[in-house]
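Trainee: coords please:
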Amino acid sequence: MAGRKLVKSVRTLIIIGYCSFMVQQREVTCGFLKAGLNLPLSRFNKNYVTLDDIFIGVKTTRHYEQTRLPLIMQTWYQLAKKQIWFFTDKDDPLNQKLTNGHMVNTKCKASYEYKNLCCKTGVEYDYFLKTNKKWFCHFDDDNYVNVPHLLTVLNRYNYDDYWYLGQTSMDTPTTIEKHNSLFTFRFGTGGAGICITRNLAVKMSPFVIGGRLMAVCEYLGSGDDVTLGFIIEILLHTKLTVMPEFHSHLENMGLLNPNTFKEQVSFSYELETKNVINVPGFSKDYDRTRFLSLHCFLFPHFNLCRPQQNWNTRSELVNKDINRLISVNRTRLCKKLPSVL
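Mentor: Alright, predicted model coming up:
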């Protein structure tokens, strides 16, 4: 009897060991093993990355240090404080302290001319290369980034390969003519965010490092995102992988289905045209960009989300209290009137 138990135990160990090996090789899915150990299969992948493997650069400017930056720091910055770096155009002691030294004065001008945008992106790129991170992701200061899902998406791609991830802003490829030659390519719009593997970033270095990106921008007469697309697709022959989870304000944000928000990576807004997402939460007067509401929709455990109902109904509650006091005082006055008369 003892011998049979021993044989069964050995057989079970062999099966589990073999199944673990096959899972690690990505050959099979052992349902009982996954359920029993409660381990995500992606972690068995040797190319699995964590948040510490990602460098997130956010391009901003002195013009938005009191508006867009506080909104980011109040929301999605809280999800990746060590990974997010802000690239601006002035010294900012307050935000430098709030971000634990993650504010970088690029010394670039604050205007939106393409060469100044290229200047900042070039500095972002140089900072990334100084790290040992496996992914370089760039976003703008009018983006909200769903950091956990960004990590999920990046783990679909082998960081050892040459990956260029982003969302196009046009239905057709871009065409640029230089020296009687036509160059047709696609590029990931910076307003939706782009992600590049380290190996691809290193391969780009002859055209980007140390201010060279600005030179290519001036040669093309184009912005940073277009120029990056030219370098990657035309010069390095690596195609853009279009990411439907990345979104910019060039899209109609109101068409995004709230039921899919957890599966999206980036969101944006444009207040002038009232191009914002439809999401329940704070009042539209209090949360014009809808990013506070989005943050609480995705991550309701944050402190900022707890008084949400009070913010939404504050005026109603105040009016109710005022009306109640008026009613009570009126009743008291009516009771005293007969005796006065």
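
Trainee: So which residue is smack in the middle of this structure?
Mentor: By C-alpha atoms, centre = their mean, the mean C-alpha position of the chain lies nearest to Val145, the distance being 2.2 Å.

Trainee: Tell me who's in contact with that one.
Mentor: Ile56, Trp76, Phe139, Gly193, Val265, Ser266 (C-beta atoms under 8 Å, 6 or more residues apart in numbering). C-beta: built from backbone N, CA, C; applies to glycine.

Trainee: will you turn those into CSV that also has distance to Asp91, secondary structure and neighbour count?
Mentor: Formatted as CSV, the contacts of Val145 follow (distance: C-beta to C-beta, whole Å; DSSP: H, G, I helix; E, B strand; the rest coil; neighbours: other C-beta atoms under 10 Å):
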residue, distance to Asp91, secondary structure, neighbour count
Ile56, 22, strand, 27
Trp76, 24, helix, 26
Phe139, 22, strand, 26
Gly193, 26, coil, 28
Val265, 31, coil, 28
Ser266, 28, strand, 25
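
Trainee: Gln66: which of the residues you listed is nearest?
Mentor: Trp76 (18.4 Å; C-beta to C-beta).

Trainee: just checking, that closest one touches Pro148?
Mentor: No - counting by C-beta atoms under 8 Å, Trp76 sits too far from Pro148 to count as a contact (10.1 Å).

Trainee: what pLDDT does Pro40 get?
Mentor: pLDDT recorded at Pro40 is 43.

Trainee: my bad, should have said Thr273
Mentor: In this prediction, Thr273 has a pLDDT value of 95.

Trainee: And what about it, helix, strand or coil?
Mentor: coil (DSSP: H, G, I helix; E, B strand; the rest coil).

Trainee: quick one: it from Asn180, how far?
Mentor: Distance of Thr273 to Asn180, computed by C-beta to C-beta, to the nearest Å: 39 Å.

Trainee: quick one, which of the two is more surrounded?
Mentor: Between Thr273 and Asn180, counting by other C-beta atoms under 10 Å, Thr273 is the more crowded of the two (10 against 5).

Trainee: for Thr168, what are its contacts?
Mentor: Applying C-beta under 8 Å, 6+ apart, the residues near Thr168 are Arg186, Phe187, Gly188, Thr189, Leu240, Val242.

Trainee: so the third one, which of the three states?
Mentor: The one in question is Gly188. Under three-state DSSP, the three-state class of Gly188 is coil.

Trainee: How many residues are close by it?
Mentor: So Gly188, with other C-beta under 10 Å, has 28 neighbours.

Trainee: With His63 instead?
Mentor: By other C-beta under 10 Å, the residues close to His63 number 15.

Trainee: per the record, what domains does the protein have?
Mentor: 16-41, 51-242 (automatic domain parsing).

Trainee: shaky segments in the chain?
Mentor: 1-46, 307-341 (pLDDT under 70).

Trainee: Helices along that one, start to end?
Mentor: 2-24, 31-37, 68-74, 93-98, 114-129, 147-154, 198-208, 212-220, 224-229, 291-298, 308-340 (DSSP state H).

Trainee: dump the residue contacts of Tyr157.
Mentor: Listed by C-beta under 8 Å, 6+ apart, the contact set of Tyr157 reads Trp163, Leu165, Thr197, Thr241.

Trainee: Kindly recompute the last result at 7 Å.
Mentor: Trp163 (C-beta atoms under 7 Å, 6 or more residues apart in numbering).

Trainee: Same check on Trp85?
Mentor: The contact partners of Trp85, by C-beta under 7 Å, 6+ apart, come to Ile56, Gly57, His102, Val104, Tyr127.

Trainee: Over to Asn199?
Mentor: Contact analysis of Asn199 by C-beta under 7 Å, 6+ apart lists Asp160, Asp161, Tyr162.

Trainee: Could you give the bridge partners of the residue lying closest to Leu154 once chain neighbours are set aside?
Mentor: Distances taken as C-beta to C-beta, 6 or more residues apart in numbering place Trp135 nearest to Leu154, at 5.6 Å, with adjacent residues excluded. According to DSSP bridges, the residues that bridge with Trp135 are Ile54, Thr197.

Trainee: What is the burial count for Trp135?
Mentor: Look at Trp135: counted by other C-beta under 10 Å, it has 24 neighbours.

Trainee: check contacts around it.
Mentor: Val49, Asp53, Ile54, Phe55, Leu154, Tyr159, Cys195, Thr197, Arg198.
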